[in-house]
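[1] next comes the sequence, and after it the predicted model I'd like to discuss.
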Amino acid sequence: MGAPANNGVAHSSNTDTTLLGSELAEAAAALRLSREVTNNVRYRGSVRELPSRAALRRIVDGLIAALFPTHYGRPDLSDNNIDDFVVHALDVALTALSVEIRRSLFFRPELGETEIETTAVEITREFTRKLAEIRALIVSDLLSAYEGDPAALSASEILLCYPGIRATIHYRLAHALYRLGAPFVARLISAIAHAETGVDIHPGARISKAFFIDHGTGVVIGETTIIGANVRLYQAVTLGARSFPVDDNGALIKGSARHPIIEDDVVIYAGATILGRITVGRGSTIGGNVWLTQSVPPDSIITQAHTRRSPHDLQSETANSNTSPSGDAAGRAPFDLHLSGG
């Protein structure tokens, strides 16, 4: 047999280490100077104890196992031991979560060091109280996916296999923490979901029940987006900002309402881009690859057209849509929207 493979990694000998000794020391000293002085980006110049992405991945897995123990817990669970499993899973996950929340609270300037510990515990306790509510929302998402996807065979298949549901579960957990005052931890949970699924949902977005992302990859939902009940998105949909307001000094204004409002019962097909603080009315359908930067009324069908139409034409069609005899059986206005770059 030949020598064991080294996977392409060259292992340094003692001689190599000796030769590099002075260079390593110089590099470490230069990096310390950059880290501590010349390029210091540490918050307030002092925060070192940061939330752990690896720990939060384990925490989220534990929380999901507690929410859906027969799917993500142990295969031998029964009525006799399932509650004990859930209690243990929550104990481990929530104890660790409190530590990560405490670390994140150093980034809330209104909190003094003496307040951070008690605030972390209270956020964790309040989050624990919300778990049943969070699970109910996730179940509504599962049922929406089952009803909206003819390929779905069962809720269990959706829960275990669909990346859109995986991302939505992360979002539901992250949003609760965001609202309770732990935005750094919430962002990390969303980032974990993004890396796993390709779906990027800011935890500050407000999403109602029965939300379904089909296929999922490439979906982006911005911080101030508001989404109503029973909304369905397909892959590569962007709910983004059209512009970024700045203050008198040219700095970005944080937290301004700059993302779309999607009302109840809306379907948005693959590749659509909806930008700015506009409203997509209840019951509307947005076609694939549409580029939309203006509000549309309820029960609209928006697709790319073969001819260009001005905003004035669109407004005229919108005004006449309720009385037009050319609408579909549901009374929706059959106008097409074509914008350059769509």
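    Right, received. Where do you want to start?
[2] number of nearby residues for Thr95?
    Neighbourhood size, Thr95 [other CB atoms under 10 Å]: 12. For every residue, glycine as well, the C-beta is placed using N, CA and C.
[3] that should have said Glu49, apologies.
    The number of residues packed near Glu49 is 10, by other CB under 10 Å.
[4] any idea how far it is from Asp91?
    In this structure, Glu49 and Asp91 are 23 Å apart, going by CB to CB, to the nearest Å.
[5] now do Glu157
    According to CB to CB, Glu157 and Asp91 sit 30 Å apart.
[6] same check on Arg102?
    Arg102 is 17 Å from Asp91, by CB to CB.
[7] the stretch 101-250 of the chain: helices as residue ranges?
    113-129, 131-148, 155-161, 163-180, 183-197 (DSSP state H, counting those that start in this stretch).
[8] reformat those as TSV; add mean neighbour count and distance to Arg57.
    Listed next are the helices of the stretch 101-250 of the chain as TSV, based on neighbours: other CB atoms under 10 Å; distance: least, CB to CB, whole Å:
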stretch	mean neighbour count	distance to Arg57
helix 113-129	15	17
helix 131-148	17	18
helix 155-161	16	18
helix 163-180	23	10
helix 183-197	21	5
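[9] adding mean pLDDT as columns, could you present these in TSV?
    Shown next, in TSV, are those (pLDDT from 0 to 100):
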stretch	mean pLDDT
helix 113-129	95
helix 131-148	97
helix 155-161	96
helix 163-180	98
helix 183-197	98
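[10] the residue lying closest to Arg242 once chain neighbours are set aside: neighbouring residues, count only.
    Closest residue to Arg242 apart from its sequence neighbours, by CB to CB, 6 or more residues apart in numbering: Gly276 at 3.4 Å. Neighbour count for Gly276, taken as other CB under 10 Å: 16.
[11] pretty sure Gly276 contacts Ala241?
    Yes. Under the contact definition of CB atoms under 8 Å, Gly276 touches Ala241, with a separation of 6.7 Å.
[12] mind listing what Arg172 touches?
    Applying CB atoms under 8 Å, 6 or more residues apart in numbering, we find Arg172 in contact with 134, 137-138, 141.
[13] and the contacts of stretch 150-167?
    Contacting residues not belonging to stretch 150-167 are listed as 68, 71, 138, 141-143, 145-146, 149, 193-194, 196-199, 201, 212-217, 219, 233 [CB under 8 Å, 6+ apart].
[14] that stretch: end-to-end distance?
    One end of stretch 150-167 to the other measures 21 Å (CA to CA, to the nearest Å).
[15] what separates that stretch from the chain centre, distance-wise?
    17 Å (CA atoms, centre = their mean, to the nearest Å).
[16] pLDDT value on the most centrally placed residue in the chain, please?
    The structure's the chain has its C-alpha centroid closest to Ile201; by CA atoms, centre = their mean the separation is 2.2 Å. At Ile201, the predicted lDDT confidence score is 98.
[17] Gly2 now?
    50.
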